[in-house]
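Asker: Show me the folded form of this:
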Amino acid sequence: MARLLRPFVSGETYRAFAYYLATVVLGCVALCLLIAGWTITLVLAITPLVVPLLIGLRLGVGALAGAEGGLARELIGVNVRPPMESRATGFWARGFAALKDPAFWKQQAHLLLGWLIAIVALAPFSLGIQMLTIPLYYSSVDGLDMFGRSDIDTLGEALAFVPVGLALVVAGVYLLGLWRKLSRGLARSLLASEGERIVRPPAETRARRLRALTITSLISTAIVAVLIVIWDLTGGGYFWPIWPLLGLSLLVGIPGWIILVLERREIARFTLGSQALAIQIGISAVLFGFLVAIWAITTHGYFWPIWPGLCLALLAVGHAAVIYGQRQHRIERLEASRAGAVDVQETELRRIERDLHDGAQARLVALGMSLGRAEQALESDPEAVRELLAEARQGAGEALEELRDLARGIRPPILTDRGLEPALAALTARTPLPVTLSVDVAERPPAAVETAAYFTVAEALANAIKHAKAGHVDIRIESQNGTLVAEIVDDGAGGADPAGRGLTGLRQRAEALDGTLRVTSPEGGPTTVRAVLPCRS
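Answerer: Coordinates of the predicted model:
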């Protein structure tokens, strides 16, 4: 029974449902953008205006693909980061590079295919909820028709559809898992970045964005002006330039709002600190204004844009609720991790106290006794004094070595003085196993992050030596989007216990920094320890 109910209590089911709801909205925006953008681009293909139009279209597609990539990361667990721009230097080259960029075409394909998959995935819920609610509204609708069954005018006839609706909803829940797998594969194939992206300074990136938006706005204004002149020269009449004007408003408005939110981070203060929510609300407002304009131009009758506007508002409210829930969960997790870090610190303090008492302190006491005995025998037995002084010198050296080992267990001096890579190189040099070390960190991370990464590697190496009987260890440290990622892989026997005391302490240390630590160790190996530590608050 528990297995049958698992999809209904699993967080993955509700995250997938939220993903498809958001994908439907993004797909509608993408469809409008692609139709308007490509229509205008093809019309002006033989003019120089096609270059800024391509740049604007590339920016819009990249922004929407980035939004879908963010949804995929947060809701269905696919770590993809689509590039927003094509690789090129120079204004004209950037325009034509979009046509030769495979990522540009893949992103468009994902926007359309993902939208279709979302519609199919949500169809059972839409139809099922409609059938479940028939008893609530059948009496207020004349000639209600469901599957050829018209004139549903009794409660019994309406209730007959409830089991069918319930079955559709249940089937939709079970099918969400299959659709989720398909969407994960589609995102990996079409949204994953190919190769390393060109890294530009923030000021240069900002200037390029604003320049592209300015040029797109000017070109759009010029196009509308030319079309109005043509309309006037051809005798006026029906003001048909209003339609390309509406299409161009989407082409400029959506990327413009996205750039505004990215540049003015204070806007996110009004949306629970989430730039994604701010972008969604702005795009929803632009799309709603687009639909209202169509209504005003065509019918002036029944105000049908209220329904898509209501759906967009509900999606924004749902997005805000998810962000608020995630924030509360994050606060609770941080409180728990802080408490775990305090426990680890308390344990470390007790260990240091014990090591000082049993090690260096005992040796210093013995050193004092040897010096006292030497003082007493100074006049009567010089030979004994020589032996006692030699014993005291040896004890002092051992006490000093134990103090160095103790300090190294707190934070190695080489880590403080020279950084993570030299410290790990010194650590692996003392390891009796063959170790491959790769450190790719552009800027030195904060001290707490360095310490956590160092001890993660040290603990993983110790486990590989003591328990895994490994023959080789591969260590990779790299910076990724404001985080430090440490991955240690050994070819040992596997079967490591992630709940062991050492790994639990490392996990609590990582969580105290708002990071994560994952241990994968199947029987027979290999064992992978992966720590992701944020370098920015």
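
Asker: Helix or strand: which one has the residue most central in space within the chain?
Answerer: Compute the mean C-alpha point of the chain, and by C-alpha atoms, centre = their mean the closest residue is residue 73, 5.0 Å away. Residue 73 belongs to helix 50-75 when assigned by DSSP states H and E.

Asker: what's that helix packed up against?
Answerer: Here helix 50-75 touches helix 11-43, helix 91-100, helix 102-132, helix 162-191, helix 202-233, helix 242-263, helix 275-298, going by 3 or more C-beta pairs under 8 Å, 6 or more residues apart in numbering; DSSP states H and E. C-beta: built from backbone N, CA, C; applies to glycine.

Asker: Give me the mean pLDDT for stretch 36-52.
Answerer: What stretch 36-52 shows for mean pLDDT is 80.

Asker: same thing with stretch 271-285?
Answerer: The average pLDDT for stretch 271-285 rounds to 83.

Asker: List the contacts of that stretch.
Answerer: Outside of stretch 271-285, the residues within contact range by C-beta atoms under 8 Å, 6 or more residues apart in numbering are 22, 25, 29, 67, 70, 254, 257-258, 260-262, 265, 267-268, 270, 312-313, 315-316, 319-320, 323-324, 327.

Asker: at 7 Å what do you get?
Answerer: 29, 67, 70, 254, 257-258, 261-262, 267-268, 312, 316, 319-320, 323-324, 327 (C-beta atoms under 7 Å, 6 or more residues apart in numbering).

Asker: OK, contacts around the residue nearest to the centre of the chain?
Answerer: 79-80.

Asker: pLDDT score assigned to it?
Answerer: On pLDDT, residue 73 comes in at 82.

Asker: Just confirm residue 468 contacts residue 492, I think it does.
Answerer: Yes - counting by C-beta atoms under 7 Å, residue 468 touches residue 492, with 2.6 Å between them.

Asker: so what's in contact with the two at the same time?
Answerer: residue 527.

Asker: State the distance from the residue nearest to the centre of the chain to residue 456.
Answerer: Distance, residue 73 to residue 456, by C-beta to C-beta, to the nearest Å: 23 Å.

Asker: Make sure residue 54 is actually in contact with residue 41.
Answerer: Yes - using C-beta under 7 Å, residue 54 is in contact with residue 41, at 6.4 Å.

Asker: Comparing those two, which residue is more hemmed in?
Answerer: Higher neighbour count among residue 54 and residue 41: residue 54, with 22 against 17, using other C-beta atoms under 10 Å.

Asker: how far does stretch 169-181 sit from the chain's center?
Answerer: Relative to the centre of its chain, stretch 169-181 is centred 24 Å away, using C-alpha atoms, centre = their mean, to the nearest Å.

Asker: Also stretch 530-537?
Answerer: Using C-alpha atoms, centre = their mean, the offset of stretch 530-537 from its chain centre is 12 Å.

Asker: Can you tell me what sits against it?
Answerer: 445-446, 449, 452-453, 456, 482-487, 510, 513-518.

Asker: now swap in stretch 466-479 and tell me
Answerer: Stretch 466-479 is contacted by residues 420, 424, 433-442, 453, 457, 461, 464, 484-493, 527 when judged by C-beta under 7 Å, 6+ apart.

Asker: so how far is the first residue of that stretch from its last?
Answerer: One end of stretch 466-479 to the other measures 29 Å (C-alpha to C-alpha, to the nearest Å).
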